[in-house]
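[1] Return a 3D structure for these sequence lines:
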Amino acid sequence: MINKIAIDLIIFDLDGTLAETRQDIADAANYMLQKLERPQLPEEIITGYVGNGIKKLIERCLPGEAENILEEAYEFFVAYYADHLVDDTHLYPGVLDLLKKMQQKKLAVLSNKAQKFTVEIVRQLKIDNYFQIIMGSNPHFPKKPAPDAIKHIIKTLDCSAQKTLIIGDTKNDILAGQAANIYTCAVSYGFRKKAVLQKYNPDFMIDSIDALDKIIQ
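    Numbers count the residues shown, from 1 in each chain. All right, here's what the predicted structure looks like:
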C-alpha cells in the first residue's frame, strides 16, 4: 500500500501523458519527408524521436542534412501539423475523470511541444478550463529536462516544491522534476517503455492515469 502524498500542484506532460498524439505527429513528419522526396518512416520510429521539440524531431528524421533543408523541412512540418493537430489525437482513458477529481488542486501542462500547438491541442481536446497554466516550448525557458519552467510554474501559482508533482512519459519529465526537487511520476502507457523509465528512478510509476488518485491525498 502506497502512503499517499500531500500535493497542491500537479504538472502534466501532454504527448504520451494526457493525450495520444502519435499518429498526428507521424503524419506531419511523413508529409514533410514526402515534400522533400525522402523515404517515409514508420510511426514507431518517429515516436522514438519525439520529446525534445519539433526542430530536434526533424533533425532526427533527417540526419546529416544541411541547415537550409532542415529549415525547409520545419516549414513543411508546422504548416501541415497546424491543420491536423487533433485528427487522430485523443485523451487517454481516465484523463477527463482524473482532471475532474483533481479540481481542488492547482493543475498545469508543461510540454516541449511549441507553445501555440500545446495550447491549441489542449483547447481542442476541451480540457483547457482545468489548468491554471498551459506551457509549451517558448524562448523564455529551456526545454525539459531543464527545471526552469517547473520553477516558474511553482512560483507563479504560489506553491511549494515539496507539494508539487510532475507526471510524464519520458526521461525529460523525470529529470526535470528531480532537478526542480519535486515529486516525479512516470507513466508506462505513453511513448517510452516502463523498463526505460525505471532507469531514471521516478518516485512513482503508474500504468494508467487514474492510478494517480491512489498516490495523491
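[2] pull the longest helix from the chain.
    Taking DSSP state H as the criterion, the chain has its longest helix at helix 67-83.
[3] Give me the buried positions along that one.
    Under the neighbour-count criterion of 16 or more other C-beta atoms under 10 Å, helix 67-83 has 72, 73, 74, 76, 77, 78, 80, 81 buried. In short, each C-beta sits where N, CA and C put it, glycine included.
[4] Using CSV, please lay out those together with pLDDT and distance to residue 152.
    Listed next are those as CSV, based on pLDDT from 0 to 100; distance: C-beta to C-beta, whole Å:
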residue, pLDDT, distance to residue 152
72, 96, 33
73, 96, 31
74, 95, 26
76, 96, 32
77, 96, 27
78, 95, 25
80, 97, 31
81, 96, 26
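[5] Pop out the phi and psi values for the residue in the chain sticking out farthest from the centre.
    Distance from the centre of the chain peaks at residue 37, with 29.5 Å (C-alpha atoms, centre = their mean). The phi/psi pair for residue 37 (degrees, to the nearest 10) reads phi 60, psi 40.
[6] rewinding a little: can you spell out which helices and strands pack onto the next helix or strand after the longest helix of the chain?
    Moving toward the C-terminus from helix 67-83, the next helix or strand (DSSP states H and E) is strand 90-91. Contacts defined by 3 or more C-beta pairs under 8 Å, 6 or more residues apart in numbering; DSSP states H and E place strand 90-91 against strand 19-20.
[7] Packing partners of the strand it packs on?
    Counting contacts by 3+ C-beta pairs under 8 Å, 6+ apart, strand 19-20 is packed against strand 90-91.
[8] which other residues reach the strand it packs on?
    Strand 90-91 is contacted by residues 18, 19, 20, 125, 127 when judged by C-beta atoms under 8 Å, 6 or more residues apart in numbering.
[9] Neighbouring strands of it in the sheet, and parallel or not?
    Strand pairing for strand 90-91, using DSSP bridges, gives strand 19-20 (antiparallel).
[10] how far out from the middle of the chain is the strand it pairs with?
    Centre-to-centre, strand 19-20 and its host chain are 9 Å apart (C-alpha atoms, centre = their mean, to the nearest Å).
[11] Tell me the first helix or strand C-terminal of that strand.
    helix 22-35.
[12] Distance from the chain centre to that next one, please.
    For helix 22-35, the distance to the chain centre is 18 Å (C-alpha atoms, centre = their mean).
[13] Could you list the buried residues of the helix or strand that comes right after it?
    Remark: after helix 22-35, the chain's next helix or strand is helix 43-48, criterion DSSP H and E. Neighbour counts using 16+ other C-beta under 10 Å place 46, 47 of helix 43-48 among the buried residues.
[14] and residue 82, what does it touch?
    Per C-beta under 8 Å, 6+ apart, neighbours of residue 82: residue 117.
[15] per-residue confidence at residue 53?
    Confidence at residue 53, expressed as pLDDT, is 84.
[16] And it, how far from residue 172?
    10 Å (C-beta to C-beta, to the nearest Å).
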